[in-house]
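*Asks:* sequence-free structure coming up:
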Ligand SMILES: CCCCCCCC(=O)SCCNC(=O)CCNC(=O)[C@H](O)C(C)(C)COP(=O)(O)OP(=O)(O)OC[C@H]1O[C@@H](n2cnc3c(N)ncnc32)[C@H](O)[C@@H]1OP(=O)(O)O
């Protein structure tokens, strides 16, 4: 279902269909939304965001990062930003890149450690990030200072770093959501 939605997002973004196809598509989507409505559940029971075996934990909002290596110190994976993430002129939207970093670095920050949340994510856009290219995603745990965990991440196209990031993740105190 989530993969199908991702495909739809990409195809819809890249489409210039005639008005009758637009109307037909809108009606079909409204029917699908209505079919799912009776199955609305509380957050803890929803599938999306809880499937850690799926790229982006099954969130169609997050770019689909495929993980190849994962431990408490580093993550290595790859991602291809589909047409859905297009900002303009073949470049990925600047807001989509932190989504990928937060997903990967947030999970790494929380691997084998008490729960933490992102306090800041500083992203450097070094080059344009091309839509449709398979990119390497790297993240590593840099250091810990009290409740603060500092992580680094990079998005690499071939040998070129197209974006890198530093993230601060702060350990939650009891009662913090
Ligand atoms: C549940 C886990 C899911 C996985 C996480 C996935 C990643 C995410 O996307 S989380 C969603 C996005 N993030 C959020 O919504 C977080 C919202 N913010 C918060 O909840 C709080 O601000 C929180 C928890 C980060 C920190 O608040 P609080 O516990 O009051 O921290 P506080 O005591 O002020 O600061 C602790 C230390 O961090 C530092 N700090 C906190 N925020 C920042 C910041 N933005 N910049 C620099 N330093 C900061 C403080 O200066 C302090 O440093 P020191 O100990 O040296 O004096």
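*Replies:* Noted; the coordinates are in hand. Note that this is a predicted model, so its numbers are computed, not measured. Numbering: from 1, shown residues only.
*Asks:* Quick check, the residue in the chain closest to the ligand?
*Replies:* Closest approach between the chain and the ligand, counting by C-beta to the nearest ligand atom: residue 106, at 2.9 Å. (Glycine included, C-beta is placed from N, CA and C.)
*Asks:* so that residue makes contact with residue 113?
*Replies:* No - in this structure, residue 106 is not within contact of residue 113 by C-beta atoms under 8 Å, at 11.8 Å.
*Asks:* Compare neighbour counts for those two and give me the winner.
*Replies:* For the pair residue 106 and residue 113, the greater number of neighbours falls to residue 106 (18 against 14), based on other C-beta atoms under 10 Å.
*Asks:* can you pull the contacts of the residue of the chain closest to the ligand?
*Replies:* 117-118, 167, 169 (C-beta atoms under 8 Å, 6 or more residues apart in numbering).
*Asks:* try it again with 7 Å
*Replies:* Applying C-beta atoms under 7 Å, 6 or more residues apart in numbering, one finds that residue 106 lies in contact with 118, 169.
*Asks:* part of a helix, is it?
*Replies:* Yes - using DSSP: H, G, I helix; E, B strand; the rest coil, the secondary structure at residue 106 is a helix.
*Asks:* Where does residue 7 fall, secondary structure wise?
*Replies:* Taking DSSP states H and E as the definition, one finds residue 7 inside helix 2-13.
*Asks:* Revised request: answer the last question for residue 28.
*Replies:* With DSSP H and E as the test, residue 28 turns up in helix 19-36.
*Asks:* Please identify the nearest residue in space to residue 171, excluding sequence neighbours.
*Replies:* Spatial nearest neighbour of residue 171, chain neighbours left out: residue 147 (4.1 Å); criterion: C-beta to C-beta, 6 or more residues apart in numbering.
*Asks:* same question, residue 144
*Replies:* Closest residue to residue 144 in three dimensions, ignoring its sequence neighbours and counting by C-beta to C-beta, 6+ apart: residue 150, at 7.6 Å.
*Asks:* Up against the ligand, what does the chain have?
*Replies:* Proximity of the chain to the ligand is assessed by C-beta under 6 Å from any ligand atom, with 102, 106, 110, 115, 117-120, 146-148, 168, 170, 172-173, 176 identified as the residues in range.
*Asks:* Among these, which pair sits farthest apart?
*Replies:* Farthest pair in these (C-beta to C-beta) is 102 and 146. Separation: 21.7 Å.
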